[in-house]
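[1] The following comprises the amino acid sequence and a computationally predicted model.
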Amino acid sequence: MKNWRSLAAAVLGGLFSLALALPLSASEGGAGPEAMTMGNMCMVMFGYDMIHITAYQPGKSRSEYCAEIPSVGPTILVFDIENPAFRDMPLELRIIRDPLTPITKDTDLEALTEVYRPATKYTKGTFNLEHNFKDNGHYIGLVTLTRPDGAQETSDFKFTVGETLWAWVPQIAGTVLIAGIVFAYWKHTHPSSKKKDAAGVAAS
């Protein structure tokens with residue numbers, strides 16, 4: 001009975017560790033090098049200023065999404081401009097299919113583009129982008145800000161649409177973790193025959 005209690009405690013400990021790890025991986029999984037997540041909102045950074053991004057699929061759910069949009073179909077991306085000064089600066093938006101390789105100046109963005117909106121001033125401080133995603137996969141949003149002096153800065157945010165291989169990584173990791181705990185416990189409580197023989201010889 002004591003052994004089974006120890007096994008149960010080990011498994012519960014593994015599950016608790018996995019539960020702590022899952023929210024972190026879910027919140028950070030879709031963040032690019034200049035993007036962060038907070039709850040269900042992504043944000044792209046321009047210096048210390050940010051633009052919040054929240055995704056909705058009103059035809060399927062009232063939930064808010066960020067790095068992981070659960071299924072293909074009509075999707076609304078809402079952009080909230082934090083800095084009032086940005087409302088007088090043109091913002092360009094492009095969403096591309098993630099090539100899963102580093103993007104350089106030689107990358108053909110046009111060939112990867114899923115949706116494009118030219119530079120526009122959003123004086124109200126918020127704007128929506130509606131798009132019908134037809135394919136599961138990885139995507140990158142590129143937000144380009146044009147400063148009053150003409151300088152341009154681009155920040156990106158990464159997200160997935162629909163089921164992808166990466167969506168199963170936490171479950172696979174959890175299964176491997178629990179299996180490892182059970183195996184280690186079994187090895188500890190079931191010494192090999194060689195060890196038993198050696199213990200018998202030593203005792204004699």
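    Sure thing, it's come through.

[2] pretty sure residue 126 is touching residue 81, no?
    Yes. Under the criterion of CB atoms under 8 Å, residue 126 makes contact with residue 81 at 6.7 Å. In short, each C-beta sits where N, CA and C put it, glycine included.

[3] Have a look at the two and say which one is more surrounded.
    residue 81 (21 against 12; other CB atoms under 10 Å).

[4] How much space separates the more buried one from residue 144?
    14 Å (CB to CB, to the nearest Å).

[5] Now do the strands in the protein.
    For the chain, the strands defined by DSSP state E occupy 35-38, 41-46, 49-56, 64-65, 68-69, 73-81, 91-97, 113-120, 126-133, 137-146, 152-161.

[6] ok, the second one: who's next to it in the sheet?
    The reference is to strand 41-46. strand 35-38 (antiparallel), strand 49-56 (antiparallel) (DSSP bridges).

[7] Least confident of those strands, on average?
    Per-stretch mean pLDDT for these is lowest at strand 35-38 (a mean of 53).

[8] From residue 146, how far off is residue 132?
    28 Å.

[9] Settle it for me: which of those two has more neighbours?
    residue 146 (15 against 9).

[10] Show me the beta-bridge partners of the more buried one.
    Under the criterion used (DSSP bridges), residue 146 bridges to residue 152.

[11] my guess is it meets residue 90, correct?
    Yes. Taking CB under 8 Å as the definition, residue 146 is a contact partner of residue 90 at 4.5 Å.

[12] Common neighbours of the two, please.
    Common neighbours of residue 146 and residue 90 (criterion: CB atoms under 8 Å, 6 or more residues apart in numbering): residue 119.

[13] Endpoints of stretch 98-106, how far apart?
    15 Å (CA to CA, to the nearest Å).

[14] per-residue pLDDT, residue 163?
    77.

[15] tell me, how many neighbours does it end up with?
    14.

[16] which residues touch it?
    residue 136.

[17] Please report the distance of it from residue 68.
    Counting by CB to CB - residue 163 and residue 68 are separated by 10 Å.

[18] any common contacting residues for those two?
    By CB under 8 Å, 6+ apart, no residue touches both residue 163 and residue 68.

[19] That's all I had, so thanks and see you.
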